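Asks: Give me the fold of what follows.
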Amino acid sequence: MKFNLDKILAAFGNIRAMERTHVDNHTEDIINSITDDAFAISEKNVLYASTKELGGFHYVITIIVGAFKIKTMKGANLNIEGNDFNLDLKSDMDEFQSDHSNVSNRFITRIDFQIEKEDVEKFDKARINTLKLTAKKHNIIFKTLK
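Replies: Numbers count the residues shown, from 1 in each chain. Got it, this is the predicted structure:
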C-alpha cells in the first residue's frame with residue numbers, strides 16, 4: 001500500500017503539507033480539465049489552444065504544460081506564422097504565473113491572447129506553421145501538430 005506523506009501531514013494540520021497538496025490537486029485538475037487536443041509542441045512543452053468569444057471579444061486561450069515556468073507583470077506576445085499570414089497577439093492580462101505540480105513535476109500556464117474577429121478563421125492547425133511565445137526572457141517556438 002502506498003502512502004502519500006503530504007496527505008497524512010495535512011490531515012494533522014501541517015500548513016506546508018496542506019499547501020503542497022492543494023497545489024498538486026489544483027494543477028492536476030487543470031491538466032485533467034483540458035478538453036482540447038494538443039495544438040503545438042516545443043522541445044519541452046505542449047501547447048493546448050482554442051479560440052473563444054466572450055462578451056463580443058475574441059480570444060486565443062492557451063494552456064502550456066511542461067517546463068515553462070514564469071511569473072510576470074509585463075504580459076506576453078504570441079507570434080503566429082501561417083502559410084500566407086503573420087499575426088502578433090498580445091496577452092489579455094499583463095500579470096500571470098505558472099502553477100507547479102509536485103506530482104508530475106511540470107508547470108501549467110494559462111495565457112489568453114486577444115485576437116481580432118476577422119483573424120479567428122486563420123487560427124487553424126492546417127494554416128499555421130509555428131507559434132512563438134515571448135514573455136520576459138523566454139522565447140519558445142512551437143511547431144503545430146498536424
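
Asks: Am I right that residue 119 falls within a helix?
Replies: Yes. Assessed by DSSP: H, G, I helix; E, B strand; the rest coil, residue 119 belongs to a helix.

Asks: Is the closest residue to it other than its chain neighbours within a helix or a strand, and which one?
Replies: Using Cβ to Cβ, 6 or more residues apart in numbering and skipping the chain neighbours, the partner closest in space to residue 119 is residue 87 (5.8 Å). All C-beta atoms are positioned from the backbone trio N, CA, C, and that covers glycine. According to DSSP states H and E, residue 87 maps onto strand 86-90.

Asks: what pairs with that strand, and is each one parallel or antiparallel?
Replies: Partners of strand 86-90 in the sheet, by DSSP bridges, are strand 77-82 (antiparallel).

Asks: Just list the residues touching residue 62, thanks.
Replies: 47, 48, 49, 78, 110, 111, 112, 113 (Cβ atoms under 8 Å, 6 or more residues apart in numbering).

Asks: Please read the previous query as pertaining to residue 122.
Replies: For residue 122, counting by Cβ under 8 Å, 6+ apart, the contacting residues are 80, 82, 85, 87, 128.

Asks: At which residues are the strands of the protein located?
Replies: 38-41, 45-54, 57-66, 71-72, 77-82, 86-90, 96-97, 99-101, 106-115, 128-135, 138-144 (DSSP state E).

Asks: residue nearest the centroid of this protein?
Replies: residue 63 (2.2 Å; Cα atoms, centre = their mean).

Asks: Okay, it and residue 56: tell me how far apart.
Replies: Distance of residue 63 to residue 56, computed by Cβ to Cβ, to the nearest Å: 23 Å.

Asks: Repeat that for residue 142.
Replies: With Cβ to Cβ as the criterion, residue 142 and residue 56 are 28 Å apart.

Asks: Tell me where the model's unsure across this protein.
Replies: Applying pLDDT under 70 to the chain picks out residues 1-36, 102-104.
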